[in-house]
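Participant: quick one, what's the 3D model for this:
(one chain, ligands or ions: 1)
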Amino acid sequence: MKRPRHAPEPPPPARIMSIHAHPDDQEFTVGGTLAKWARAGSTIVTVCLTSGSAGSNQYTPPDMTREALAPIREEEQRNACRVLGVAEVLFLRYEDGMLEPSLALRRELTRLIRRYRPDAVVCGDPTVRFYGQSYMNHPDHRVAADVALDAVFPSAETRLIFPELLDEGLEPHHVKTVFIHGSAHPDTFIDISEVLALKLAALKEHKTQMGERDPTEMITQWAREQGAPRRMAAAEAFRRMVLEGP
Ligand SMILES: [Zn+2]
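Facilitator: Below is the predicted model:
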């Protein structure tokens, strides 16, 4: 079933879990949507699977080590979340650049979903390998998205998957909606015109990644492109899955 072109913007979910591979992924991709929802009263928890200790080729000084960079990037992510209005940030501290779609990682995300019981999960699209002609999606991004979706369904809502979680008192939980960014086939558009400045401010908190670069033009352009199908000046576009209950 295809959503009609004039489908209204969905209301902000009450409880949201935003799952990403690296510090700054969230700010580049869904920062506007989260800022908007936080201001509407949503409670958001961010889960960052790595601490971004591999840095960036362009702006990480040659004498920087993984050990030194990780806490700096965690702090930048906390600051960015504060700007957006995210209530809590969790770091799972997997190695940057080495994420694997392991059952251990799926179990950890399942545990968090059962503990925080979000109505909606926000994550990337594991099926997109190439963006345009100049960016191949980072393997960590694909893994984070894949494991997030697998944790949402079937793991979080199925009682006897990871039965050891029951022993921790974590009952099954059904996530109602998944907002998937970076999809080749978006069907849901969140107008971020009013919060574009907040998205930019949050992104600028990632100082080790941004260097002297001002992301304003690029982010404004992305927002314009994503809003174009709905004639919005600035949007973040998603593929939205509304999941049937168990
Ligand atoms: Zn990333």
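
Participant: quick one: the helices in the protein, in order.
Facilitator: Under the criterion DSSP state H, the chain carries helices at the ranges 25-29, 31-39, 66-84, 103-116, 139-150, 164-167, 196-204, 207-210, 216-227.

Participant: any idea how far the last one is from the chain center?
Facilitator: Spelled out, that is helix 216-227. When distances are taken as CA atoms, centre = their mean, to the nearest Å, helix 216-227 is centred 18 Å away from the chain's centroid.

Participant: sorry, back to before: which one of the helices of the chain lies closest to the ion?
Facilitator: Taking CB to the ion, helix 25-29 is the member of the helices of the chain nearest to the ion, at 4.2 Å. Bear in mind the C-beta positions are built from the backbone N, C-alpha and C, glycine included.

Participant: is that closest one in proximity to the ion?
Facilitator: Yes: in terms of CB under 5 Å from the ion, part of helix 25-29 sits within range of the ion, namely Asp25.

Participant: outside of that helix, which residues touch it?
Facilitator: Counting contacts by CB atoms under 8 Å, 6 or more residues apart in numbering, the residues outside helix 25-29 that touch it are 18, 20, 34, 46, 48, 77, 80, 84, 124, 141, 144, 181-182, 199, 202-203, 205-206, 219, 236.

Participant: now swap in stretch 235-242 and tell me
Facilitator: By CB under 8 Å, 6+ apart, the list of residues contacting stretch 235-242 from outside reads 3, 10, 29-30, 32-33, 125, 176-181, 183, 185-192, 223, 226-227, 229.

Participant: any stretches of this protein with poor pLDDT?
Facilitator: Residue ranges of the chain with pLDDT under 70: 1-2, 5-6.

Participant: in it, which residue sits nearest the ion?
Facilitator: Nearest to the ion in the chain, going by CB to the ion, is His22, at a distance of 3.6 Å.

Participant: so who does that residue touch?
Facilitator: For His22, the contacting residues are 48-50, 52, 73, 96, 138, 140-141, taking CB under 8 Å, 6+ apart as the criterion.

Participant: buried residues of stretch 208-226, list them for me.
Facilitator: Of the residues in stretch 208-226, those scored as buried under the neighbour-count criterion (16 or more other CB atoms under 10 Å) are 208-210, 215, 219, 222-223, 226.

Participant: which of those residues lies closest to Gly132?
Facilitator: Checking the buried residues of stretch 208-226 against Gly132 with CB to CB, the nearest one is Trp222 at 11.7 Å.

Participant: for that closest one, give its distance to Pro62.
Facilitator: When CB to CB, to the nearest Å is the yardstick, Trp222 and Pro62 sit 30 Å from each other.

Participant: one more: Tyr135?
Facilitator: Note on Tyr135: its distance to Pro62, by CB to CB, is 24 Å.

Participant: who's more crowded, the two?
Facilitator: Comparing Tyr135 with Pro62 by neighbour count (other CB atoms under 10 Å), the higher total belongs to Tyr135, at 8 against 4.

Participant: the residue nearest to Thr177 when sequence neighbours are not counted: how many residues sit nearby?
Facilitator: Closest residue in space to Thr177, ignoring its immediate chain neighbours: Ala120 at 4.4 Å, by CB to CB, 6 or more residues apart in numbering. A total of 24 residues lie near Ala120 under the criterion other CB under 10 Å.

Participant: just the buried ones from the contacts of helix 25-29?
Facilitator: Burial of the contacts of helix 25-29 was assessed by neighbour count (16+ other CB under 10 Å); the buried members are 18, 20, 34, 46, 48, 77, 80, 84, 124, 141, 144, 181-182, 199, 202-203, 205-206, 219, 236.

Participant: against Gly55, how distant is the most far-flung residue of the chain relative to its centre?
Facilitator: Distance from the C-alpha centroid of the chain peaks at Asp63, with 29.9 Å (CA atoms, centre = their mean). Per CB to CB, Asp63 is found 12 Å from Gly55.
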